[in-house]
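> after the sequence you'll find the predicted model.
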Amino acid sequence: MDRLTQLLGFHATDPSNLLLTLDVLDAHLLQGAYVEALAFSGALDPTLAHASAVRLRMGRCAMSCGQAETAVGYFSAIVAEGEASPLVHHDLAYALFSLGRLDEAESALAPAVTLSADVPEIGLLHGRMRYQRGDFAAAELIVGVVTEAHPGRADAWGLAALIALDQGKPDDALGAAERALSLDPADKAGQMAKGGLALAALNGDVALSCFAPVVEAEAQNGRAAGGLGEAYLIKGDLVAARGALERSTQLQPGHLGTWHALAWCQLLQSDVDGADVSFRSALDADRNFAESHGGLAIVYALQGKRELADQALRRAQRLDADGGNARFARSLLLASDGNEIEANQLLQTILHERVPGVALPAATTITQLRALMMASRTT
């Protein structure tokens, strides 16, 4: 007879015993029997069910089986009673953060943030919140406090790696990622940071090996899905790339880079109309991003819509006179006009560049699009 079964037998003969009830719930948590724990709690006497210690365990069970709203209810009730420990504030903030309710999450964590160095879970959540806000400097500082106080925390080093990567500090990102993965080879943030560095180096094999396990473990991770799509792009597997990038746009519809990567994948599949939709989706998220207007100029050039291409090109150049997609569009238009020498001269300026924000070499990619445009003119 296992311990949980034994405890349930004891509890049946003494259902009002709080300590025994907590033992039963802890045994459920230890076994990962979260749904069963929620069912068990539903049959408890209200006096027991409303005890803070019971609510705490039920909130954690709810979070563990993906019921964040239910968890917020349990944790909020504890806070409302004035009995919340710093870890309860953390758990409430974490549940709110997982629901995307960032303002409420920050308010919930505020009473506990002074313990960021002492309780690494609090420091890491605080750092993730600042990172989510785009306040990289503050996030770096907070997470740095955690890594200094708790150098054995792989998740702290992994988060530090992502923050460094997004700040454009590749050496710091690599060092932190390697530290994270040396402590835990399955650390997701460390894998994504290492994968991001591989994308920057156009190393599709390494990027694929980093992002694939993250996507498998975290199906709702839009950033990982996007990274996986770009890894497939580098390797030339356009079908797999498109599937991963489409998934990523569903998970993070406001992320411009993912829409651009999907658009370029579609262009390389000769799906110009699909790329049209993707670049427009990027514009829906931000009307003032030059590369989206430049991308639309590329689409119009390929569709033979010269006036619209010129209009989109002018908008792109007003926003960024040296934008990559605008230069690509101009090279296509020059080639379309028969100005091959000038078009080739323009291409020479981008030989060693990448497509803006996408893990693709610019020169070969634009050459493929010129071939597509010329083929469409002869059919």
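Received, thanks. Residues are numbered from 1 along each chain as shown.
> hey, let's count contacts and neighbours off CA atoms from now on
Will do.
> and Ala201, how many neighbours?
By the measure other Cα atoms under 10 Å, the count of residues near Ala201 is 12.
> Ser41 too?
So Ser41, with other Cα under 10 Å, has 20 neighbours.
> one more: the one 3 residues further on?
Applying other Cα under 10 Å, we find 14 other residues in the vicinity of Leu44.
> mind checking the SS state of it?
Local secondary structure at Leu44 is given as coil here, using DSSP: H, G, I helix; E, B strand; the rest coil.
> got phi/psi on the nearest residue to it once chain neighbours are set aside?
Of all residues not flanking Leu44 in the chain, Pro15 sits nearest, at 7.7 Å (Cα to Cα, 6 or more residues apart in numbering). With angles defined as degrees, to the nearest 10, Pro15 sits at phi -70, psi -10.
> surely Pro15 touches Thr21?
Yes. With contact defined as Cα atoms under 8 Å, Pro15 counts as touching Thr21 (7.4 Å).
> between these two, which has more neighbouring residues?
Here Pro15 and Thr21 are set side by side on neighbour count (other Cα under 10 Å), and the busier one is Thr21, at 24 against 16.
> show me what contacts the more buried one?
For Thr21, the contact set (Cα atoms under 8 Å, 6 or more residues apart in numbering) comprises His11, Pro15, Val54.
> how about those in CSV, adding pLDDT and distance to Ala62?
Rendered in CSV, the data for those read as follows (pLDDT from 0 to 100; distance: Cα to Cα, whole Å):
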residue, pLDDT, distance to Ala62
His11, 83, 22
Pro15, 83, 22
Val54, 88, 12
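> identify, from the residues you listed, the entry nearest to Ser270.
Closest to Ser270 out of these is Val54 (58.5 Å), distances taken as Cα to Cα.
> pretty sure that closest one contacts Leu48?
Yes. If you go by Cα under 8 Å, Val54 and Leu48 touch, sitting 7.1 Å apart.
> gap between the closest residue to Ala326 other than its chain neighbours and Gly324?
On the basis of Cα to Cα, 6+ apart, the spatially nearest residue to Ala326 that is not a chain neighbour turns out to be Gly294, at 4.4 Å. Distance, Gly294 to Gly324, using Cα to Cα, to the nearest Å: 8 Å.
> of these two, who's got more company?
For Gly294 and Gly324, the more surrounded residue by other Cα under 10 Å is Gly294, and the numbers stand at 31 against 23.
> OK, contacts around the residue nearest to Leu44?
Thr21, Leu44, Asp45.
> any low-confidence regions in the stretch 1-150 of the chain?
Across the stretch 1-150 of the chain, residues meeting the criterion (pLDDT under 70) sit at 1.
> okay, now the nearest residue to Leu319 once chain neighbours are set aside: neighbour count?
By the measure of Cα to Cα, 6+ apart, the closest residue to Leu319 outside its immediate chain neighbours is Ala290, 5.3 Å from it. By the other Cα under 10 Å criterion, the neighbourhood of Ala290 contains 26 residues.
> what segments of the stretch 201-350 of the chain are helices?
Counting by DSSP state H, counting those that start in this stretch, the stretch 201-350 of the chain has these helices, from start to end: 204-217, 222-235, 238-251, 256-268, 272-285, 290-303, 306-319, 324-336, 340-348.
> count of neighbours near the closest residue to Cys65 other than its chain neighbours?
With Cα to Cα, 6+ apart as the criterion, Cys65 has its nearest non-adjacent residue at 6.3 Å, and that residue is Tyr34. Neighbour count for Tyr34, taken as other Cα under 10 Å: 22.
> let me see the contact set for Tyr34.
Residues near Tyr34 by Cα under 8 Å, 6+ apart: His28, Cys61, Ala62, Ser64, Cys65.
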